[in-house]
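**Student:** Sharing a model that was predicted from the sequence below.
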Amino acid sequence: MNKNIYLLLAGLILLVNAGFAQTKKGSVLIKNATVLTITQGVLENTDVLVENGVIRRIGQGINAPANTITINAAGKYLMPGIIDAHSHIALDAVNEATSPITAEVKMEDVVNPFEVSIYRALAGGVTISHAMHGSANAIGGQNITLKHRYGTFDPDDLLMKEAPRTIKFALGENPTRVHGRGKSIQPRTRMGVEAVIRNGFKEAQQYQKAWKDYENASKQRNSTAVPPKYDPRLQTLADILDGQIIIHCHSYRADEIYMLINVCREFDIKNIVFSHVNEGFKVAPELAAYTMGASVFADWWAYKFEVYYSTAFNAAILTRNGVVTSINSDSGELIRHLYHEAAKTQRYGELSDEEALALITINPAKQLGIEQFVGSIEVGKQADLVVFDEHPLSVYAVPQMTFVDGVKYFDINEDQDDQRLKVSATEMVEPIYLKEHDHKCMQDVDFFFTNFGRTLFGHTH
Amino acid sequence: MKKISLIIISCFLAFLAQAQIDGEVLKPQSGKFLLQNATVVTVTQGILEGSSVLINDGKIEAVGQNLSSDGATVIDCSGHYIYPGMFDGGTRLGLVEVNSVPETQDFAEIGDVTPNMQALTAVNPNAVAIPVTRVSGVTTTLAVPSGGIFPGTAALINLNGYTPDQMYAGFKGLVMNFPSSARRSTYDRRSEEDIKKDAEKSMKNIAEIWGNAKKYHALKEKGGQLQYYPEMEHLSKAVSGEMTMLIEVNAASDIEQAIKWIKENEVKAILTGVAEGWRVADKIAEANLPVITGPMLSIPTRESDRFDASYANAGKMAKAGVKVAIRTNDAENVRNLPFNAGFAAAYGLGKEEALKAVTINPAEIFGVADQLGSIEVGKNATLLVADGDPFETKTQIKHVFIDGYKIPMTSRHIQLYQEFIERNPGLEKNVK
């Protein structure tokens, strides 16, 4: 048999594979827009040239290269794609609520590219969402950062490969309700939550040491050392201690936030973002000094007791105290108008346009560790872009077009009404829902709460 | 000696008392106010530039230029805009304090037929969310009970007062949850068939209840000696048309059924919710039924719907000729009412109609337009002063008046901001 044929075949297979692995990249010239760069001010009447998914030039009088579509955006606003640092869309499952620590599970394994909520997020200008594990466990599963390349049937196409690993932690009422009150195991209190996390880290340190001891021993001549049993849960916690994973922690009250800051300082963990953080404003100096920031709701409060002492001025207080702050959705509804949620910081705290827009662009990019790729309009960054008819912080603004990697995934003038990728074969009649029906922090754990009243499900964040 | 120690003790006590009452208390103030030199958006009589509004004795006494400031507290409104106070046509504000704590939920009584439950009774005038809401310029809300088929009687309230009666704004309506072919949420896992069966059973149930109510009413009319029967007493008021019904209905086919039911039973009705109203807008218009819809900021009812179906719903109904008012259906975030109106405006309703949908339209629908809903002489002084369009997110609401009371522009949210914007001590506590 000819060796060369095998080589050729192998080469072909590699090529084909490479072709499949490559997600779509587009080229486009957007002309005469008011460009909200986020990091480099507002550029009036400016052109942005995108080639092969990357922003190549920003300036005036740029001519389109051959085969590049030109879009005249005169009178319109161009901003970077909106980034949602806390979301549960495009997931088939959210909570692995079987243990207070489930660090080994991965949201990457349950990405659902068929969800129409991805398209609806695009229609609100959101190009990247952080698809998170739920808040049932003190240490939940590993999250995944998605780019909204809607239309693909392959979950892998949605993954943002460049994004670092992140993991969900959760404090307060949710983990204590699920485990303590629901199953009578630790944690039942905020003391227990601290213990669970601290014990987890301690055990991970022992695990690291066991492996190190084994590695040292196995270097000895005629070593009979047996390797420790591989444990994906402890390995993940060890990776957190090694700084390889960013913690995104569901939290509300100042005391629990302060607790986890202290635990992280003790274990020398610097990669931590607090999410929701309704009482973050009370510990703003600590958040500014020791964390990667806070990702908050614009105005949600009073849906449960731990958010009763909240203020819609939270984002403004955090921003003014130097905390890297973002506004997230945690909701398939809110994700459609994060630009409006960001604008609320102008009513509640009078943030500037630039500060308000940073809350949904460069700041969440920093919290996800992807600010070198996205989050602003700069040469060399990925071309995730949104065109608005009016300034995006106006209540009357309507997103017109949304691009991911230079490819247009939403155009209000080409919208087909029904944008589903597949229709259920078993549903004879399409169901009608009166409330948001998925995408929440406490999804999949409803069976723990059947006695706690039906209205509970109205707000389960 | 005794005397001296007594003096010392009482001095000490006085000091303690002083310490305990440290801090300023802001109360609503009544009186005569001249809001000078504003752009007055009257809603019913156009936009008046460089005009003033004179408030006296709870009423709008005069609107115009060169008004006398005699005896009035003058508030300079140069560069500012005066709008009527905004209505939210459906909320749980005041009926719940913390949504996940059952002890604080007073909006859903046990039973399917409880029309005698009075939302007004359960309104807590001191709910923390009330000041949070009214500083946004939302001055008037409908407190709506929920659950069951006839969960109770809703009441229109103004967001100022120490008792429910002081807050009452002159409208009550009998709430009916029309049988629904929609799912309540994803936890609702009934089959298509079961949903249909449940709805049919519910309709049968309603027919029976309504039949009894009609009987009760007929007997009463004839002077029959009726036993105490508060449920029927309340329903009979709707049978006679004395009381308006608020019929919650959302799916398109249910809306058509409800229209039929209303016609057959000749009741006076307002449709509420109406999430799929855009699918049957012509039929609603033809039946001449007013609608309270919202929130706009909700996801479309069907996955196949266009992404903006709920933003555009109000506009489509208004275009078909339906009189539309807006609601948030919220409790703690009723302050988002103007933003819901803004989205409705942007997606087809238009700014002018959207403004009517939170002012004069609900005032007319609730039958209180002689007192509320526009800036006109003789109406209640329930209004807001803003530095711009109150729907626009960045606009600051400067003053709010409710029934002539100048509302303190503070709330727990604002107080927490004032305390924590610059914490002292900050990161380090500098104590030697």
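**Tutor:** Sure thing, it's come through.

**Student:** Could you use CA atoms for every contact and neighbour count after this?
**Tutor:** Fine.

**Student:** which regions of the chain sit below the pLDDT cut-off?
**Tutor:** Answering for chain A, as no chain was given. Filtered on pLDDT under 70, chain A yields the residue ranges A:1-21, A:428, A:436-440, A:444, A:446-461.

**Student:** To clarify, I was referring to chain B.
**Tutor:** B:1-20, B:185-186, B:431-432.

**Student:** Tell me where it has helices.
**Tutor:** Assigned by DSSP state H, the helices in chain B fall at B:2-20, B:119-122, B:129-134, B:164-167, B:192-221, B:230-239, B:252-265, B:281-286, B:309-319, B:337-344, B:351-357, B:360-365, B:412-420.

**Student:** List the contacts of the residue nearest to the spatial centre of chain B.
**Tutor:** Geometric centre of chain B, nearest residue: B:T141, 1.8 Å, by C-alpha atoms, centre = their mean. Listed by C-alpha atoms under 8 Å, 6 or more residues apart in numbering or on different chains, the contact partners of B:T141 are B:87-91, B:93, B:156-159.

**Student:** Pairing partners for it in the sheet, please.
**Tutor:** Judged by DSSP bridges, the bridge partners of B:T141 are B:D88, B:I157.

**Student:** how much space between it and chain A?
**Tutor:** 18 Å (C-alpha to the nearest C-alpha, to the nearest Å).

**Student:** dump the residue contacts of B:V41.
**Tutor:** B:47-48, B:81-84, B:375 are the contacts of B:V41 under C-alpha under 8 Å, 6+ apart.

**Student:** can you redo these as TSV with neighbour count and distance to A:S87?
**Tutor:** Shown next, in TSV, are these (neighbours: other C-alpha atoms under 10 Å in any protein chain shown; distance: C-alpha to C-alpha, whole Å):
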residue	neighbour count	distance to A:S87
B:I47	15	43
B:L48	18	46
B:Y81	25	39
B:I82	31	39
B:Y83	25	38
B:P84	31	38
B:I375	29	44
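
**Student:** quick one on the thing from earlier: A:R336: which of the helices of chain B is closest?
**Tutor:** helix B:309-319 (11.1 Å; C-alpha to C-alpha).

**Student:** now that closest one: how far from the chain's centre is it?
**Tutor:** Its chain's C-alpha centre and that of helix B:309-319 lie 20 Å apart, by C-alpha atoms, centre = their mean, to the nearest Å.

**Student:** list the buried ones in that helix?
**Tutor:** B:309-318 (16 or more other C-alpha atoms under 10 Å in any protein chain shown).

**Student:** Tell me which residue in the stretch 351-461 of chain A sits closest to chain B.
**Tutor:** Residue nearest to chain B within the stretch 351-461 of chain A: A:D417 (4.0 Å; C-alpha to the nearest C-alpha).

**Student:** Go through the helices of chain B and pick out the most buried.
**Tutor:** helix B:337-344 (a mean of 28; mean count of other C-alpha atoms under 10 Å in any protein chain shown).

**Student:** the inter-axis angle of that helix versus helix B:309-319?
**Tutor:** 80 degrees (axes from the mean of the first three to the mean of the last three C-alpha atoms, to 10 degrees).

**Student:** by contact count, what packs against helix B:337-344?
**Tutor:** If you count contacts as 3 or more C-alpha pairs under 8 Å, 6 or more residues apart in numbering or on different chains; DSSP states H and E, helix B:337-344 packs onto helix B:309-319, strand B:324-326, helix B:351-357.

**Student:** at 10 Å what do you get?
**Tutor:** The contact analysis (3 or more C-alpha pairs under 10 Å, 6 or more residues apart in numbering or on different chains; DSSP states H and E) places helix B:337-344 against helix A:338-347, strand B:86-91, helix B:309-319, strand B:324-326, helix B:351-357.

**Student:** Switch the ones you listed over to JSON lines; also include distance to B:L219.
**Tutor:** Output for the helices and strands packed on helix B:337-344, formatted as JSON lines (distance: least, C-alpha to C-alpha, whole Å):
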{"stretch": "helix A:338-347", "distance to B:L219": "56"}
{"stretch": "strand B:86-91", "distance to B:L219": "34"}
{"stretch": "helix B:309-319", "distance to B:L219": "40"}
{"stretch": "strand B:324-326", "distance to B:L219": "37"}
{"stretch": "helix B:351-357", "distance to B:L219": "40"}
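
**Student:** So for A:G406, which of the ones you listed sits nearest?
**Tutor:** Using C-alpha to C-alpha, the nearest of the helices and strands packed on helix B:337-344 to A:G406 is helix A:338-347, at 20.5 Å.

**Student:** Just the CA coordinates for that closest one, please, in PDB.
**Tutor:** Extracted as PDB, the C-alpha positions of helix A:338-347 are listed here (Å, rounded to 0.1, in the frame of the first residue of the first chain):
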ATOM      1  CA  LEU A 338     -29.500  45.300  28.800                       C
ATOM      2  CA  TYR A 339     -28.800  48.700  27.100                       C
ATOM      3  CA  HIS A 340     -31.900  50.000  28.900                       C
ATOM      4  CA  GLU A 341     -30.900  48.400  32.200                       C
ATOM      5  CA  ALA A 342     -27.500  50.100  31.900                       C
ATOM      6  CA  ALA A 343     -29.300  53.400  31.300                       C
ATOM      7  CA  LYS A 344     -31.100  53.100  34.600                       C
ATOM      8  CA  THR A 345     -27.800  54.100  36.300                       C
ATOM      9  CA  GLN A 346     -28.300  57.500  34.800                       C
ATOM     10  CA  ARG A 347     -31.600  57.900  36.600                       C
END
